[in-house]
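Q: I need the structure of the sequence given here:
(4 chains)
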Protein chains: 2
Amino acid sequence: MTRPVGKIRDVAKATGLSIATVSRVMNGGKNVSPNTRDKVLAACKQLNYLPNPAARALSTSRSKTVAAIIPTIEHSIFAKYIASIEHSLAQRGYSLVIAISHGDLDEELAAAQKLLGMGAEAFILSGADHHPDLLDLFTQRGVPHVYSSIWQPASAAPSIGYDNTALARAAMDYLTGHGHHHIAVLHGPLTESDRTRDRQAGAQAAQRDGLTLDFHETSLDVAGGKAATRALLQSANRPSAIFCFSDVLALGALFALSEAGLRVPEDVSVMGFDNLDWSGETAPALTTINLPATRMGAEVGTQLMDHLDNGTPLGPVRLDGAIVERASVAPVTRRG
Amino acid sequence: MTRPVGKIRDVAKATGLSIATVSRVMNGGKNVSPNTRDKVLAACKQLNYLPNPAARALSTSRSKTVAAIIPTIEHSIFAKYIASIEHSLAQRGYSLVIAISHGDLDEELAAAQKLLGMGAEAFILSGADHHPDLLDLFTQRGVPHVYSSIWQPASAAPSIGYDNTALARAAMDYLTGHGHHHIAVLHGPLTESDRTRDRQAGAQAAQRDGLTLDFHETSLDVAGGKAATRALLQSANRPSAIFCFSDVLALGALFALSEAGLRVPEDVSVMGFDNLDWSGETAPALTTINLPATRMGAEVGTQLMDHLDNGTPLGPVRLDGAIVERASVAPVTRRG
DNA sequence: CCAAATTTTGTAACCGGTTACAATTTGATC
DNA sequence: GATCAAATTGTAACCGGTTACAAAATTTGG
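A: From the prediction side, this is the model:
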């Protein structure tokens, strides 16, 4: 039985009050006598009334919706991040719309246009590398937006994230500190992600005499990590450590090594990047870099909401990651 | 420079045309002379005009937004599913809003109210087990909705998914067909998911003389699978096979087994459920049940959009899963 | 060249809320 | 009980589009 839902004028009629009063009750009910409030609330229940969101959005110019455009949601730290954003927004009655860009700037632009035309008030982007038209669009329309998963204080928009370069550098230092002189670095497509490029730069920066660094680009999934590892095991002198720019890649490396009959960390050390929820459970437990995905989601959410609600200015935030030492990296054994 | 964005009346003024004509141009431009269209489009660009979504939604009663409420997005098949829904919706200009219920009916209800008050036109739920008030809400307001990840033709709303019971049963038959007489079943919290309960019922149905079935409830993540497996390895007579209701659980089992020095499948067989993108990459490759998450997302999306756009009635769809044989299950070796 | 049919354009009434401002009621004080 | 301030309620003007219907312009064709 789908009887027509009530409108605010019906509620007003039913209670003998004016629509203004009903509206007041629906929005916190400040300056309304308790008696009136009860009457209105009862009528709402009875008439099955809920304020029309479009009408409300039209008169207030607020939709309480924020959009996140992410490169991918599958098998990665993004799921954790998105969950955190959603949680943070939901706390204050905001909703999250998402779009997936597949790491493509044009797709990202198209998604943003769609979401803008859908009512999104603010945008969460990944990285600092975007279509120029997208930035124009945001600037011209005054749409608040932040870059995330990156920390780059000089970027066009506030960046809320971690310093990929420094973190990758720290990992390299950790590895060389354990005596590794030949390290393979596994990473996803460089063209698709400035975060990956930053990490590469960080790893590169650790370069010095007596250190051999092999970079291998592969697809950003377990299969990619496995295939790349298999390939590098073919080569005559294999690295003593494999540094993966993602735990997912590291998982693939672990499997490839296991299949090749090599022990981790005795024969080869493996280091990851992300610290996903299962990273401590692998055999052996993965040494990796913890990324503050949950804190990042919370920070991004609250900053945007504070800005939308109170005009608090947006600002860059540097969240710190940290090496989490587990069992997959060991000091290199002297040989030759 | 954030100059105020143009409204439709500004465009009308700028072109010397009426707002009706501008509106026509913005919506397909049927019955508009090419000359006029060009003039309007130029003015739009020049004035930086985009139709206000709230105003449009108010007068058309359409928001082109559908909501999905899922139990979790992390470490599971849901990410793949959500990506597919988003893809399908984006094709036709629809947007996806998501909320996470953590498997709690009250949270789900609250999320639905929020999303309804945000403009969502249709809902995608998981499973068939929901708060009675939620169903009332949908029925009273005539909100289209489907249940997914489940197939249950008699349910209150159309269910679009696979038959969890039959699939679990098939997996059990596969395992017993390989000579397993003692099987441990690892599953997530029964109270949180009717899909889990269905799978349990399916596994239970395979029960017969000479078959020992041990059910173990654990947390639905790698750590849970690992812990449960460790625990069951303590017991005096260990199972010859472990059937996990999720590949994530199976991954945990694999790690626990590896740490215990047991070989898969020689010592213990492991079977999963989901067929995530990495399931074929584990060592050994995981025998599992493929769930059509991508097709499910597409089906859910198109059904809802067809219904919203053309009134096509919604209907249940049974998608089929299938056992994918890989290396983690072997015929039981005779012993005692 | 004019009438009728067709296409293009304009007018104005919605859609369903919020909110500034005015009007009314309540109640406190003398 | 009269006066004035504070609290409550009402009136009506928005918000910015869409669209039914009317009017004007254009095309058709006899």
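
Q: for the rest of this, base every contact and every neighbour count on C-alpha atoms.
A: OK.

Q: list the buried residues of the helix or strand hosting A:A223.
A: Per DSSP states H and E, A:A223 falls inside helix A:222-234. Neighbour counts over helix A:222-234 (16 or more other CA atoms under 10 Å in any protein chain shown) mark A:222-230, A:232-233 as buried.

Q: can you check stretch A:321-336 too?
A: With the criterion 16+ other CA under 10 Å, stretch A:321-336 contains buried residues A:321-325, A:327-332.

Q: what's the end-to-end length of stretch A:278-287?
A: One end of stretch A:278-287 sits 12 Å from the other (CA to CA, to the nearest Å).

Q: likewise for stretch A:62-79?
A: Its start and end residues considered, stretch A:62-79 measures 27 Å (CA to CA).

Q: cool, and stretch A:43-60?
A: With CA to CA as the measure, the ends of stretch A:43-60 fall 24 Å from one another.

Q: and what of stretch A:97-107?
A: In terms of CA to CA, the two terminal residues of stretch A:97-107 are separated by 16 Å.

Q: pLDDT averaged over it - what is it?
A: Taken as a whole, stretch A:97-107 has an average pLDDT of 95.

Q: got it, and stretch A:148-158?
A: 96.

Q: please apply the same query to stretch A:268-279.
A: When the per-residue pLDDT values of stretch A:268-279 are averaged, the result is 96.

Q: is the residue in the stretch 101-250 of chain A that DNA strand C sits nearest to in a helix, a strand, or coil?
A: Across the stretch 101-250 of chain A, no residue is closer to DNA strand C than A:G119, which sits at 14.8 Å (CA to the nearest atom of the strand). Assigned with DSSP: H, G, I helix; E, B strand; the rest coil, A:G119 falls in the coil class.

Q: wait, doesn't it sit right on A:L58?
A: No - under the criterion of CA atoms under 8 Å, A:G119 is not in contact with A:L58, lying 10.1 Å apart.

Q: residues contacting A:A166?
A: Contacts for A:A166 (CA atoms under 8 Å, 6 or more residues apart in numbering or on different chains) come out as A:199, A:202.

Q: pull out the buried residues from the helix or strand hosting it.
A: Here A:A166, judged by DSSP H and E, is contained in helix A:164-177. For helix A:164-177, burial by neighbour count (16+ other CA under 10 Å) applies to A:164-176.

Q: same deal with stretch A:51-70?
A: Neighbour-count burial for stretch A:51-70, counted by 16+ other CA under 10 Å, picks out A:51-58, A:62-70.

Q: what's the answer for stretch A:81-91, then?
A: Residues of stretch A:81-91 classed as buried: A:81-90 (neighbour count, 16+ other CA under 10 Å).

Q: ok, stretch A:13-31 next?
A: For stretch A:13-31, a neighbour-count test (16+ other CA under 10 Å) marks A:14-15, A:19, A:21-23, A:25-26 as buried.

Q: could you do stretch A:177-186 as well?
A: Taking 16+ other CA under 10 Å as the neighbour-count basis, stretch A:177-186 is seen to contain the buried residues A:178-186.

Q: can you tell me the closest non-neighbouring residue to A:I70?
A: Spatial nearest neighbour of A:I70, excluding adjacent residues (CA to CA, 6 or more residues apart in numbering or on different chains): A:I100 at 5.1 Å.

Q: name the helices or strands packed onto the helix holding A:A223?
A: Other elements packing on helix A:222-234 under the criterion 3 or more CA pairs under 8 Å, 6 or more residues apart in numbering or on different chains; DSSP states H and E are helix A:247-259.

Q: and the average pLDDT for the helix it packs on is what?
A: What helix A:247-259 shows for mean pLDDT is 97.

Q: tilt between that helix and helix A:222-234?
A: Between helix A:247-259 and helix A:222-234, the angle formed by their directions is 50 degrees, by axes from the mean of the first three to the mean of the last three CA atoms, to 10 degrees.

Q: run through who's touching helix A:247-259.
A: In this structure, residues lying in contact with helix A:247-259 by CA under 8 Å, 6+ apart are A:75-76, A:186-187, A:220-230, A:243-244, A:263-264, A:270-276, A:279, A:282, A:288, B:281-283.

Q: mind listing what A:P158 touches?
A: Taking CA under 8 Å, 6+ apart as the definition of contact, the neighbours of A:P158 are A:145-147, A:314-317.

Q: ok, 10 Å please
A: With contact set as CA atoms under 10 Å, 6 or more residues apart in numbering or on different chains, A:P158 has these partners: A:128, A:144-148, A:150-152, A:313-317.
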